[in-house]
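Visitor: When you get a sec, could you give me coordinates for this:
(one chain, ligands or ions: 3)
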Amino acid sequence: MAQKLNQLPAGVRIRGNIASGYEKILTRDALQFLADIEREFRPRVKYILACRKEQQKRYDQGELPSFDPATKAIREQEWVCAETPAVLADRRVEITGPVERKMIINALNSGAKVFMSDFEDSLSPTWDNVVRGHINLRDAVNGTIQYEDKARNKIYKLNDKTAVLLVRPRGWHLQEAHIEIDGEPATGPLADFALYFFHNHAAFRSKHGGYGPFFYLPKMQHSREAAIWNAVFEKAQDTFRIPRGSIKATVLIETLPAVFQMHEILYELRQHSAGLNCGRWDYIFSFIKTVRAHPDRLVPDRVQVGMTQHFLKSYAELLIRTCHQRGVHAMGGMAAQIPIKDNPAANDAAFALVKADKLREVKAGHDGTWAAHPGLIKLVTDVFDQNMPQPNQLRMKRTDVNVTEHDLLQMPKGVRTLEALRLNTRVGIQYLEAWLTGTGSVPLYNLMEDAATAEISRVQNWQWIHYNALLNGDPVPVKVTKELFAKVVEEELWRIEREVGSQRFSSGRFQEAAKLFAKQCTTDELDDFLTLEAYNYITTFSPINSARL
Ligand SMILES: CC(=O)SCCNC(=O)CCNC(=O)[C@H](O)C(C)(C)COP(=O)(O)OP(=O)(O)OC[C@H]1O[C@@H](n2cnc3c(N)ncnc32)[C@H](O)[C@@H]1OP(=O)(O)O
Ligand SMILES: O=CC(=O)O
Ligand SMILES: [Mg+2]
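Guide: Numbers count the residues shown, from 1 in each chain. Ligands and ions are numbered 1, 2, ... in the order given. Next up is the predicted model:
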């Protein structure tokens, strides 16, 4: 039922539908807090986005990412981040998932130490998903969250012992179109942060020894972006007279430029840092995207670009060394395998892959890692407990690691195949279809797919098409052309229809998704993010609430 908001702060306009309960999130005071933050930081966000474009131009002219000579002293001098609070000392296994009500309850009850609740890679940011996400998080922090599955006659509620909650706002590039401030859309991550912080800081801190709330920060490319987050945290803490350093945030190192900025990012956030995380999927996406104008950097099939490739091994090792030198956690990333219900042999094989990946991480020195599904928590916990009986391994200094620019930029080894072009296309279309219909993470062909993994499919296709890559892993090597790709799209769409069934196919948005995905794979200029254009397809303005209320 459409509701009205009582009174909005000057300059704020809500353009989304107001369903029952939304008014408790979109309160005047919460929106005023958001507007204050937006007005102060919007110019800096615009500046960093312009810097990204300028930097990309230099990469396009042949430059490669590198360590910045201007910040050599920050990399080489001794300093450490503020001490990590006890509540975050043990992060051996972290589960992740979208801010969806049942999943939040399941994740908090999963036995993982931490739950990263996500407005980002795993969420399709429809207005309803976002506002309901805030309702769900508020109820989770208050401990009152419940969910009734009527079909199964099951009530979900929290156990006595639950995971510690971290929230991941959207990346800097995304907007929240349904909230306008002074005639412009709100900055997505600032909206996510402000609404969550406003409604939860008091309850959260009362449960966590005066610390919190806790965050994961995605997709940054430079320490100047981390400096904005630090200033946002300071403003939020000062506004509510909370001691500076209460908020803690873990930064995902998931762009190629950021791997050259890890000390600098930690330095900017040193009062608020809770370490770094290897966001491997976005990192691979960024690796391809950053060198988009370099025809000599064609990447092999997506499935071959695993963490044992030299550039990825180097990235993880440098991250561990950097974090431990600065006294903070070095978190591992996500294995994409999930439980396979109907095939025990395939399930065993998937579990073996997850186990190997987690063993590699714990032995390299990671202090914890991610799991995509509650069914994996025991397996991952066992690997970490057996190889790291203490809460973390911050004492492991990894001074043996000496990673150079060359290591970080080394091309992955492998071949390119038509089957990979087909799989990228099939996965990309189905993921986008799910995203357009409101679901941001899906199981496809027994793997977890989210915005980061789908981006790899898109940019890999784009790269191969743009440079007419030779599919050198096939018995008869052919060149990828737009014509070949058009045929692949058509054939894979048929295959999807056969797989999902004609009813699901015709009631879904597959044709639209295919058109958009194909366009995104064949543009002359690569779009920075698939979700930028796709967001226009899920933006829904409401006439009832678009007036100034
Ligand atoms: C690149 C990155 O950024 S990684 C981080 C972002 N991505 C993610 O967080 C993905 C998280 N994982 C998921 O979304 C899901 O596991 C999927 C979509 C991959 C698979 O989901 P499903 O097909 O629903 O899994 P499945 O049917 O096996 O689920 C079984 C139960 O586990 C629950 N479940 C599955 N994954 C999760 C999760 N991550 N958190 C909480 N609960 C979960 C389901 O809700 C379901 O609950 P129920 O039995 O009470 O109904
Ligand atoms: O956010 C995580 C990633 O791998 O991307
Ligand atoms: Mg990511």
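
Visitor: Please report how far the closest residue to ligand 3 within the chain lies from E184.
Guide: Using C-beta to the ion, the single residue of the chain nearest to ligand 3 is D282, 3.5 Å away. All C-beta atoms are positioned from the backbone trio N, CA, C, and that covers glycine. D282 is 26 Å from E184, where distance means C-beta to C-beta, to the nearest Å.

Visitor: Who has more neighbours out of the two?
Guide: Counted by other C-beta atoms under 10 Å, D282 and E184 do not tie: D282 has more neighbours, with 27 against 13.

Visitor: how about the strands of the stretch 351-500 of the chain, start to end?
Guide: Along the stretch 351-500 of the chain, counting by DSSP state E, counting those that start in this stretch, strands occupy 368-371, 442-444, 447-449.

Visitor: For F215, what are phi and psi?
Guide: Dihedral pair for F215: phi -140, psi 160, per degrees, to the nearest 10.

Visitor: Grab the nearest non-local neighbour of it.
Guide: A249 (4.2 Å; C-beta to C-beta, 6 or more residues apart in numbering).

Visitor: Would you mind naming what in the protein lies close to ligand 1?
Guide: Within the chain, the positions near ligand 1 by C-beta under 6 Å from any ligand atom are 95-97, 102-103, 106-107, 118, 121-122, 281, 334, 338-339, 372-374, 441-443, 448, 450, 452.

Visitor: List phi and psi for I265.
Guide: The phi/psi pair for I265 (degrees, to the nearest 10) is phi -70, psi -50.

Visitor: so what pLDDT did it get?
Guide: The per-residue pLDDT reported for I265 equals 99.

Visitor: what sits against L532?
Guide: H173, L174 (C-beta atoms under 8 Å, 6 or more residues apart in numbering).

Visitor: Let me fix that, I meant to ask about N109.
Guide: L158, N159, T162, A163.

Visitor: ok, now how distant is it from ligand 2?
Guide: With distances taken as C-beta to the nearest ligand atom, to the nearest Å, N109 is found 23 Å from ligand 2.

Visitor: Tell me the spacing between that residue and R292.
Guide: For N109 relative to R292 (C-beta to C-beta), the value is 43 Å.

Visitor: before we move on, what about Q309?
Guide: Taking C-beta to C-beta, one finds Q309 at 19 Å from R292.

Visitor: Please apply the same query to P391.
Guide: 41 Å.

Visitor: Please apply the same query to C51.
Guide: 18 Å.

Visitor: Between the two, tell me which one has more neighbours.
Guide: Comparing C51 with R292 by other C-beta under 10 Å, the one with more neighbours is R292, at 19 against 14.

Visitor: so the residue nearest the centre of the chain, which of the three states?
Guide: Note on the chain: the residue nearest the mean C-alpha position is D121, at 3.9 Å, using C-alpha atoms, centre = their mean. Following DSSP: H, G, I helix; E, B strand; the rest coil, we place D121 in the coil state.

Visitor: what about the host helix or strand of H199, average pLDDT?
Guide: Using DSSP states H and E, H199 falls within helix 188-207. Per-residue pLDDT values over helix 188-207 give a mean of 98.

Visitor: chain center to it: distance?
Guide: 19 Å (C-alpha atoms, centre = their mean, to the nearest Å).

Visitor: hmm, who's touching it?
Guide: Contacts for helix 188-207 (C-beta under 8 Å, 6+ apart): 25, 29-30, 33-34, 37-38, 41-42, 45, 119, 125, 130, 134, 137-138, 141-142, 165, 167, 169-172, 174-176, 179, 211-213, 215, 232, 236, 240, 242, 246.

Visitor: from those, which ones fall inside strands?
Guide: L165, V167, Q175, E176, I179, F215 (DSSP state E).

Visitor: Residues of the protein that sit close to ligand 3?
Guide: Neighbours of ligand 3 within the chain, by C-beta under 5 Å from the ion: D121, E254, G279, D282, A452.

Visitor: Could you report the neighbour count for the residue nearest to the last one when sequence neighbours are not counted?
Guide: Beyond its immediate neighbours in the sequence, the residue positioned closest to A452 (C-beta to C-beta, 6+ apart) is W281, lying 3.7 Å away. Counted with other C-beta under 10 Å, the burial measure for W281 works out to 23 neighbours.

Visitor: which other helices and strands contact whichever strand or helix holds the residue nearest to F215?
Guide: In this assignment (DSSP H and E), A249 forms part of strand 248-253. If contacts are counted by 3 or more C-beta pairs under 8 Å, 6 or more residues apart in numbering; DSSP states H and E, strand 248-253 sits against strand 214-217, helix 223-239, helix 262-268, strand 273-278.

Visitor: now, of the ones you listed, which is deepest in the fold?
Guide: Most buried of the helices and strands packed on strand 248-253 by mean neighbour count (mean count of other C-beta atoms under 10 Å) is strand 273-278; its value is a mean of 27.

Visitor: What mean pLDDT does that one get?
Guide: 98.

Visitor: do that strand and ligand 2 meet?
Guide: No. Shown here: strand 273-278 not in contact with ligand 2 (C-beta under 6 Å from any ligand atom), separated by at least 7.3 Å.

Visitor: Pull up the pairing partners for that strand, direction included.
Guide: strand 248-253 (parallel), strand 330-334 (parallel) (DSSP bridges).

Visitor: can I get the ones you listed in a markdown table with distance to T540, mean neighbour count and mean pLDDT?
Guide: Output for the strands paired with strand 273-278, formatted as a markdown table (distance: least, C-beta to C-beta, whole Å; neighbours: other C-beta atoms under 10 Å; pLDDT from 0 to 100):
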| stretch | distance to T540 | mean neighbour count | mean pLDDT |
| --- | --- | --- | --- |
| strand 248-253 | 29 | 27 | 99 |
| strand 330-334 | 30 | 28 | 98 |
